[in-house]
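S.K.: this one's structure only:
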């Protein structure tokens, strides 16, 4: 038996003795135990009840309703007539849905790794004992707490093709025809990705910083003694120890990217043309602008299953890597 | 109170607040359930900055003694909020139609009552009346009728030595004037074209015989787009990209003399006057003219586009004691009294006779020339968006085409062909 196991066994024995010593002298102990259990259960429920009721009423019920509505032609008024899989059949031939689906993946595939790498790099840099580290951490986090509308207005001005400072700088450095950014179908999505990454990197940096605090310093010391350089320590100590954080960050980033909505709406509203149209924005348009709630629900169901599938894949991947 | 009981009570109270189940003060009962003598409730927006609502209420009270109470909704989300209230049977007695394109889904969705009996009693020449007809039935009474006119800065025309609009302008004349003005005014642009799709597409559909967005063939917009692109390329108007990325406002573009001409709706006239009084706009002499036409021959009977603002009846009131009372208010909206009340706040009414036009131009600061009066009263007004179940979807497709074309991301033919293809795929 190892030392640790021996310690655990002795703790259990002590606990048993303690419980026996404090056991009531009178009354059936079984009733007292179940009363205590009921009390603890009720207390626990009282803590989670507000959140659970909110979740049930505002999230779970609408999600269940969403599945039903996706098989109807509901337009917000009157009866929701059951139309079977017609909404889903329509999705198959709807070219704007195909474009929105492609754009959603486009945004996700670029935005997730980019934000991940920048946030991790920032966290590593700001995990050092350097002067003014608190200031730099605050600066990096600032975009995340800034109003999305303000961000969109300012970045749109920065990206302005004629008078925006970004294109003026690019012209200064010899780029004769710099990108049109948000008013150019080819550059609008990269522009949105740049702003999305800039906005979210601070939040994920904080998560990585929290993860980095949990990496035991002894492991770094041992690695150093074994002659590991900075790169080797990063790959063989930091990254394995950060696995729970990287899993959480990847899942959150991926789901957030698939659901991107506010940034697109305020920056480009899906344009020019359909160049930045994404699934969430299409759901909003079909539902609240065109009153096609049945069809919008069908798109939402597709988005739900995409997010679910990606999360399951990531979970399985993480589980395999942990073994 | 025991700690456990206290915790459960607190949690339950918190849950009720969180889920919005706590009792709230719902001051207005659902339509149809109020007392017969209760004020007439009407949906509205931005009450503090939209004077047309209080003046209509005052005028109606002065005439009948009946009080009208407006329910304030957020202007930007007005239709979404109305849909939510109508679905929950919480809509007021009278439902204001802010954008005519929403009339069709609301009417066919059973959220507006058939008021053909009132419509038949309204003046036959009431502007915008036909824009609220679905399948031969009337669903709203127009009280405002805004149409598009050409605003121009008379001082700038004089300074540049360019001939002012005279009511016989074609689009070629307009384009040439914009170019000349830009060349002679330095940084100031000859014209400003706002970013809305209607600023191009609605002129095309109104002025092209037989054109309609409902056909799915949008080739009729091509000459209008080509002109708009030419004008932004030769810098006689600010580009679409600059206007969108810098969120340019049409009020500032014209009011701050950034552009000498601007195509815009008649609602802007009162805004210019008020902003000149408040100092938000520069002080300069300006006027209105009929919008340019395709040919000189067309200028004899100019065609523009426009959209009425109206009010409809909540169907929950049909058969109740209040129905006649609310219908009387709706009838009032199509009267000269209502039009004159609107003229006091420089709003263009659906009633457009000489005495209403005189009352409107009596508003302090409005231009007084005949051409401005003709622009408001003599143009034939085609609907901005047709009343049809597919209009909203097609309008959305055309909005995408508009941004693709005006940003010069796609050429006109390709973008219009794609829009036509999407109509085939997406419109049920």
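M.R.: Received it, and whenever you're ready, just let me know what you need. Owing to the predicted nature of the structure, the values given are computational and were not obtained by experimental measurement. Numbers count the residues shown, from 1 in each chain, chains lettered A, B, ... in the order given.
S.K.: Next to chain A, which bits of the stretch 201-350 of chain B? Give me the list.
M.R.: For the stretch 201-350 of chain B, the contact set with chain A under Cβ under 8 Å from any Cβ of the partner chain comprises B:239, B:240, B:241, B:242, B:244, B:245, B:246, B:247. From N, CA and C alone the C-beta is placed, and that goes for glycine too.
S.K.: For the spatially closest residue to the last one that is not a sequence neighbour, what are phi and psi?
M.R.: Spelled out, it's residue B:247. Nearest residue to residue B:247, sequence neighbours excluded (Cβ to Cβ, 6 or more residues apart in numbering or on different chains): residue A:153, at 6.4 Å. Backbone torsions for residue A:153, taken as degrees, to the nearest 10, come to phi -60, psi -50.
S.K.: about what we covered before: need the residues of the stretch 201-350 of chain B next to chain A in CSV (columns: secondary structure and pLDDT).
M.R.: Putting those into CSV (DSSP: H, G, I helix; E, B strand; the rest coil; pLDDT from 0 to 100) gives the following:
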residue, secondary structure, pLDDT
B:239, coil, 94
B:240, helix, 95
B:241, helix, 93
B:242, helix, 93
B:244, helix, 93
B:245, helix, 91
B:246, coil, 90
B:247, coil, 90
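S.K.: I'd like to know which of those residues are buried.
M.R.: Neighbour counting with 16 or more other Cβ atoms under 10 Å in any protein chain shown marks B:239, B:240, B:241, B:242, B:244, B:245, B:246 as buried within these.
S.K.: right, and the third one touches residue A:187 too?
M.R.: Put plainly, it is residue B:241. No. Judged on Cβ atoms under 8 Å, residue B:241 makes no contact with residue A:187 at a distance of 11.2 Å.
S.K.: hey, what's in contact with both of those two?
M.R.: Common neighbours of residue B:241 and residue A:187, counting by Cβ atoms under 8 Å, 6 or more residues apart in numbering or on different chains, are residue A:180.
S.K.: Spatially nearest residue to the closest residue to chain A within the stretch 151-300 of chain B (excluding sequence neighbours)?
M.R.: Here the stretch 151-300 of chain B gets closest to chain A at one residue, residue B:241, 3.6 Å apart by Cβ to the nearest Cβ. In this structure, residue B:241 finds its nearest non-sequential neighbour in residue A:183, 3.6 Å apart by Cβ to Cβ, 6+ apart.
S.K.: Quick check, that neighbour in contact with residue B:232.
M.R.: No. Using Cβ under 8 Å, residue A:183 makes no contact with residue B:232, being 11.4 Å away.
S.K.: For the two, indicate the residue with more neighbours.
M.R.: Neighbours per residue (other Cβ atoms under 10 Å in any protein chain shown) separate residue A:183 from residue B:232, with residue A:183 holding more: 29 against 21.
S.K.: which ones are touching the more buried one?
M.R.: Contact criterion Cβ under 8 Å, 6+ apart gives A:161, A:272, B:240, B:241, B:244, B:245, B:407, B:409 as the residues in contact with residue A:183.
S.K.: In a helix, residue A:149, correct?
M.R.: Yes. Membership of residue A:149 in a helix is supported by DSSP: H, G, I helix; E, B strand; the rest coil.
S.K.: Now do the same for the residue lying closest to it once chain neighbours are set aside: its pLDDT.
M.R.: Of all residues not flanking residue A:149 in the chain, residue A:266 sits nearest, at 5.4 Å (Cβ to Cβ, 6+ apart). At residue A:266, the model reports a pLDDT of 92.
S.K.: what's the answer for the one 4 residues further on, then?
M.R.: According to the per-residue confidence, residue A:270 scores 93 in pLDDT.
S.K.: Give me the phi and psi for the residue nearest to it when sequence neighbours are not counted.
M.R.: Spatially, and ignoring its direct neighbours in sequence, residue A:270 is nearest to residue A:277 (3.9 Å; Cβ to Cβ, 6+ apart). Main-chain dihedrals, residue A:277, degrees, to the nearest 10: phi -70, psi 130.
S.K.: what sits against residue A:277?
M.R.: Residue A:277 neighbours (Cβ under 8 Å, 6+ apart): A:96, A:99, A:100, A:103, A:264, A:270, A:271, B:400.
S.K.: again, only using 10 Å
M.R.: The contact partners of residue A:277, by Cβ atoms under 10 Å, 6 or more residues apart in numbering or on different chains, come to A:96-97, A:99-104, A:189, A:264, A:268-271, A:285, B:400.
S.K.: all strands of the stretch 151-300 of chain B, in order?
M.R.: Along the stretch 151-300 of chain B, counting by DSSP state E, counting those that start in this stretch, strands occupy B:189-192, B:259-265, B:286-289.
S.K.: is it possible to export those strands to CSV including mean pLDDT, distance to residue B:176 and mean neighbour count?
M.R.: As requested, the strands of the stretch 151-300 of chain B are exported to CSV (pLDDT from 0 to 100; distance: least, Cβ to Cβ, whole Å; neighbours: other Cβ atoms under 10 Å in any protein chain shown):
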stretch, mean pLDDT, distance to residue B:176, mean neighbour count
strand B:189-192, 97, 9, 24
strand B:259-265, 97, 12, 26
strand B:286-289, 97, 15, 24
